[in-house]
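Chemist: Here you go, sequence then predicted model.
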Amino acid sequence: MSDPFPIIRDIGLTGLLVTFAETMSEPANRAALAFRATVNAQGWDGIEETATSLASVFINFDPFVIDHPTLTARLETLIQRQDWFDAALPEGRTLWTIPTVLGGNHGPQWQDTLDATGLDEQTARDHIAAAQIRVLTLGFAPGQPYMGELPEVWNIPRMTQLNPQVPGASLVVAIRQLIIFAGPAPTGWRHIGQTAFRCFRPNSDRPIALTPGDEVRFRLIDEDELAELSANNPTGDGGATREVLP
């Protein structure tokens, strides 16, 4: 049986969803990011919004400007243009290096995570420090990134019990992905560390700091440096540095 993807589905009367896979994978996420950027570059009248999830692209349109059959046909033509699973990622992406504390008081479920992965502490720290992971999508809260993927050994499930609340800017892990929480919230993901990086900055000219397709590295620091960064953090970057990816 041939692979049915990509699939175009209706979302209400004014939305279409182009899905590249049933589950998250690097090629499917790459395809979604590249396809969305290409749709945006077409400049089609009537497209009001586009957004990506882990493996899909949502297109919201004005049916009085572009009708459903016309847009669907254009998307089908675009799908046939190339192998989207091997497409180049969009230009203008940013590489962020974010100072992060792992474990201790700022990562109360670090040991539980080590037990779940079977890794010793130094190896786990080395994995996090060496990782350069992609912002796969934003969701759950404004600007909150789902980032991945970590090595297969980090494919640990969410917890069976809810963590009542983790602080904003905390680092959590599950299913080979990391999240920096945009604000205090409950979660089923394990709280392993803390940053001073504010993903959502409502009073900023750019309230959403990260963009799907950006990449993130973690510079491991101690609690004293985190306290200093948190106390002097006017931009919300929390000591993070950034560079444009080629």
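Modeler: Now that the structure is in, tell me what you want to look at. Residues are numbered from 1 along each chain as shown.

Chemist: all helices of this structure, in order?
Modeler: According to DSSP state H, the chain carries its helices in the segments 26-42, 68-79, 110-117, 121-130, 223-231.

Chemist: In a markdown table: those, plus mean neighbour count and mean pLDDT.
Modeler: C-beta: built from backbone N, CA, C; applies to glycine. As requested, the helices of the chain are exported to a markdown table (neighbours: other C-beta atoms under 10 Å; pLDDT from 0 to 100):
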| stretch | mean neighbour count | mean pLDDT |
| --- | --- | --- |
| helix 26-42 | 20 | 98 |
| helix 68-79 | 14 | 98 |
| helix 110-117 | 17 | 98 |
| helix 121-130 | 14 | 98 |
| helix 223-231 | 14 | 97 |
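
Chemist: Using TSV, please lay out those together with distance to A185.
Modeler: Shown next, in TSV, are these (distance: least, C-beta to C-beta, whole Å):
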stretch	distance to A185
helix 26-42	24
helix 68-79	35
helix 110-117	19
helix 121-130	22
helix 223-231	18
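
Chemist: so which of these gets nearest T50?
Modeler: helix 26-42 (5.2 Å; C-beta to C-beta).

Chemist: Can you tell me what sits against the closest one?
Modeler: For helix 26-42, the external contacting residues (C-beta atoms under 8 Å, 6 or more residues apart in numbering) are 5-6, 18, 20-21, 47, 50-57, 59, 74-75, 78-79, 81, 84-90, 134, 136-137, 149, 212-213.

Chemist: switch the cut-off to 6 Å
Modeler: 20-21, 50, 52, 54-57, 84-85, 87, 89-90, 136, 213 (C-beta atoms under 6 Å, 6 or more residues apart in numbering).

Chemist: Ok, which of the helices of the chain comes nearest I11?
Modeler: helix 68-79 (11.2 Å).

Chemist: quick one: that closest one to helix 26-42, angle?
Modeler: Interaxial angle of helix 68-79 relative to helix 26-42 (axes from the mean of the first three to the mean of the last three C-alpha atoms, to 10 degrees): 120 degrees.

Chemist: how far out from the middle of the chain is helix 68-79?
Modeler: 27 Å (C-alpha atoms, centre = their mean, to the nearest Å).

Chemist: what stretches of the protein score poorly on pLDDT?
Modeler: 1-3 (pLDDT under 70).

Chemist: now the strands: where do they sit in the protein?
Modeler: 7-11, 15-19, 47-52, 56-61, 94-102, 133-138, 145-148, 163-166, 170-174, 177-180, 185-187, 190-194, 215-220, 241-244 (DSSP state E).

Chemist: what comes up buried for the third one?
Modeler: Of the residues in strand 47-52, I47, T50, T52 count as buried by neighbour count, 16 or more other C-beta atoms under 10 Å.
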